[in-house]
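Asks: I'll drop the sequence and a predicted model, then ask my questions.
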Amino acid sequence: MKASTEFILISLAVVGTLTLLAWLFERLFCKNRLRLSSPKYITTVAVSAAIASILMLLEFPVLFLAPDFYKLDFSELPVLISAFYLGPMAGVLTEFLKILLKLAFKSTSTGLVGELANFAVGCALVLPASMVYHFRRSKVSAMCGLTTGALIMTVFGSLFNAIYLLPAFAALYHMPLEAIVEAGTSINSKITNLSSFVVLAVAPLNLLKSLSVSVLTILLYKRIEPIMFKRS
């Protein structure tokens with residue numbers, strides 16, 4: 001019970017902190033973001049979140065990198081595109097709604113630890129990428145932002161897993177961390193402890209996801225503008 005309560009409080013703190021960060025940055029720096037009417041803004045964020053939730057359901061394991069409870073998906077693609085057009089706040093809202101819609105379609109299998117990881121680590125890509133992009137909107141700044149976001153997502157995702165997510169998952173399910181490490185060892189014999197698990201399994205998976213989504217964003221974000229982000 002104590003572990004569950006602590007997890008809920010930390011989850012709320014993470015969501016609140018990321019939302020506040022996005023709101024402050026957007027208020028101070030995003031003067032040139034695309035401005036839509038409130039109904040159009042809400043509809044666009046909702047549609048982006050719906051697409052993202054479907055992509056989140058289409059997850060698949062990358063067994064040459066990590067155990068099968070770590071899965072790869074491309075749900076950050078519509079979240080990033082939403083944040084590039086509408087600002088960082090739209091990115092966080094899209095990310096949050098994506099998680100809620102995914103839970104409506106499919107219940108959690110990780111006690112919400114996986115969903116918290118997806119939200120927080122996804123924001124670690126989306127927020128820096130959109131923040132850099134909105135300083136000077138151009139293809140170069142988009143590429144710089146995505147590169148920055150990919151690096152931050154990889155580092156933050158690794159640290160967040162090591163410091164909190166993996167211990168929280170083990171506590172919620174009353175299982176030793178050694179069992180998680182052993183699952184990694186079965187894939188890569190160089191994984192012998194939690195640190196090597198994070199460095200050799202979690203970090204490469206996050207880097208693969210962030211780079212894949214970044215490339216797709218560069219290829220697609222201008223092509224989607226006439227469909228979803230055209231001004232009224």
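Replies: Sure thing, it's come through.
Asks: for the chain, which segments count as helices?
Replies: The residue ranges that make up the helices of the chain, judged by DSSP state H, are 2-29, 38-57, 76-86, 88-105, 113-135, 139-160, 166-172, 177-185, 194-197, 203-228.
Asks: ranking the ones you listed by burial, who's on top?
Replies: For those, the largest average neighbour count (mean count of other Cβ atoms under 10 Å) is found in helix 76-86, namely a mean of 29. Every residue, glycine included, has its C-beta placed from N, CA and C.
Asks: contacting residues around it?
Replies: Contacting residues not belonging to helix 76-86 are listed as 33-34, 36, 41, 44-45, 48-49, 51-52, 55, 90-91, 94-95, 98, 122, 125-127, 129-130, 133, 142, 146, 209-210, 213-214, 216-217, 220-221, 224-225, 228-229 [Cβ atoms under 8 Å, 6 or more residues apart in numbering].
Asks: just the angle between it and helix 2-29, please?
Replies: Helix 76-86 and helix 2-29 are oriented at 30 degrees to each other (axes from the mean of the first three to the mean of the last three Cα atoms, to 10 degrees).
Asks: quick one: helix 76-86 to helix 139-160, angle?
Replies: Interaxial angle of helix 76-86 relative to helix 139-160 (the same axes, to 10 degrees): 130 degrees.
Asks: chain neighbours aside, what residue packs nearest to residue 221?
Replies: For residue 221, the nearest residue in space outside its immediate sequence neighbours is residue 81; the separation is 4.8 Å by Cβ to Cβ, 6 or more residues apart in numbering.
Asks: any idea of the pLDDT on that neighbour?
Replies: Looking at residue 81, its pLDDT reads 93.
Asks: so who does the residue nearest the centre of the chain touch?
Replies: Nearest to the geometric centre of the chain sits residue 122, at 1.1 Å (Cα atoms, centre = their mean). The neighbourhood of residue 122, defined by Cβ under 8 Å, 6+ apart, consists of 75, 76, 79, 95, 153.
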